[in-house]
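Engineer: here is the input, now give the coordinates:
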Amino acid sequence: MRFQAAVLRSYEAPFTVEEMVLRAEPTVGEVLVEIAGCGMCRTDLAVRRSAGRSPLPAVLGHEGSGVVVRTGGGPDAAIGVGDHVVLSFDSCGTCRNCRSAAPAYCDAFASLNLFGGRSEDPPRLTDAAGVAMAPRWFGQSSFAAYALVPARNAVRVDPALPLELLGPLGCGFLTGAGAVLNSFGAGPGDTLAVFGAGAVGLAAVMAATATGTLTVAVDRHPERLALAERFGAIPLPAATTGLPDRIRRLTDGGAQYALDTTASPPLVNDALRALRPTGTLGLVARLPTTLPLARGTLDRGRGIRHICEGDAVPGVLIPRLTGLWQAGLFPFDQLIRTYPLADINEAESDCEAGRVVKPVLLPEEGSR
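Structural biologist: Below you'll find the predicted structure:
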């Protein structure tokens, strides 16, 4: 089977859209999905800065959505041909955390999603010359017209929904909203400070507004703060003098929860200072350096933890988010700009420059 996909061949090179060859049919527990759209996530772009840990050449992309065109069947098959699906992260399904409804903390998360894939899987995706691509990225490799994925990754959605826009619900929007809904369990009467109003931060703002949580959003870009305000948050520039004190005043003594999406040590310390006693700070971005904590930031019961994939079970949270969208309470579509897959390098440039919150790549007709 031949189709078009975007390939990253070196850490410094642009993406190239090339013909790929899929040299296998779905096996038991797998589905072949015709991709309608795929979000571009900063985790995809971070491969360029992975110090060689991510194997190349590779087809990236892990916020795919599309239609199932073939299945490998199996006794527990719940996804069928013609189903509309959103693709999320991979997990083994058998370790203690997976069996405890915490697949984001799967024992094999790194190997399945980032650095190698399933050891039992032979190379099945090659270029036209037969050169094998790295194992599928996040179980997907969905910067492509088709993706062969574990059925465990796929979440069936209502076919009436705008399928090409739903992919970011599998990672970026899931992470921000899940932090609020799952990790914090925030609701009416709670207070939240969100540091960084990108895709993850704005998803957190929308989820907080939907649950009646008073939210302050911090960012350095006025246009991002304007979006946060539109979605119900109190906007606050990151350069505000006495930022933690200002947040404490706005939240009547301090935020119960804070979410940092920036990985900026100064802002992480500001977030901790902005918490009320017993407050919790969640970190979703990978810290590039050692995190120094100022004296007193963890006093009085304050806590800090890392949050992966919004503590989500995708099959539970994704339908909840689409339901909130249908009710007008989670307008994630307002953050999306679509690009043809052939314009992936323009999408990357716009994303890195902050000109777009969430790019979504659309395979073109004829690329299948």
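Engineer: please count neighbours and contacts with C-alpha atoms only from this point.
Structural biologist: Fine.
Engineer: against Leu202, how distant is Ala104?
Structural biologist: Note on Ala104: its distance to Leu202, by CA to CA, to the nearest Å, is 21 Å.
Engineer: who's more crowded, those two?
Structural biologist: Leu202 (29 against 21; other CA atoms under 10 Å).
Engineer: the stretch 251-368 of the chain: strands as residue ranges?
Structural biologist: For the stretch 251-368 of the chain, the strands defined by DSSP state E, counting those that start in this stretch cover 255-260, 275-283, 303-306, 336-340, 358-362.
Engineer: residues touching the first one, excluding its own?
Structural biologist: Residues from elsewhere that reach strand 255-260 (CA atoms under 8 Å, 6 or more residues apart in numbering): 179, 184, 190-196, 201, 247-248, 267-268, 271-272, 274-285.
Engineer: just the buried members of the residues you listed?
Structural biologist: Those of the contacts of strand 255-260 that meet the buried threshold are 179, 184, 190-196, 201, 247-248, 267-268, 271-272, 274-277, 279-285, by 16 or more other CA atoms under 10 Å.
Engineer: returning to what we had before: for Leu163, which of the strands of the stretch 251-368 of the chain is the nearest?
Structural biologist: Closest approach to Leu163 among the strands of the stretch 251-368 of the chain (CA to CA): strand 358-362, 10.9 Å.
Engineer: Gln140 - how many residues pack around it?
Structural biologist: There are 28 residues near Gln140, going by other CA under 10 Å.
Engineer: actually, Thr71.
Structural biologist: 23.
Engineer: and Arg246, by the same measure?
Structural biologist: Neighbour number of Arg246 under other CA under 10 Å is 15.
Engineer: okay, and it sits in which element?
Structural biologist: In this structure, Arg246 sits in helix 243-250 according to DSSP states H and E.
Engineer: same question for Ile79.
Structural biologist: Per DSSP H and E, there is no helix or strand for Ile79.
Engineer: next one: the one 10 residues further on
Structural biologist: Assigning secondary structure by DSSP H and E places Phe89 outside every helix and strand.
Engineer: so it makes contact with Asn113?
Structural biologist: Yes. Between Phe89 and Asn113 there is a contact under CA atoms under 8 Å: 6.9 Å.
Engineer: who's in contact with Ala327?
Structural biologist: Neighbours of Ala327 in contact, by CA under 8 Å, 6+ apart: none.
Engineer: related to what we said a few turns ago, just want the angle from the helix holding Arg246 to strand 255-260.
Structural biologist: Here helix 243-250 runs at an angle of 140 degrees relative to strand 255-260 (axes from the mean of the first three to the mean of the last three CA atoms, to 10 degrees).
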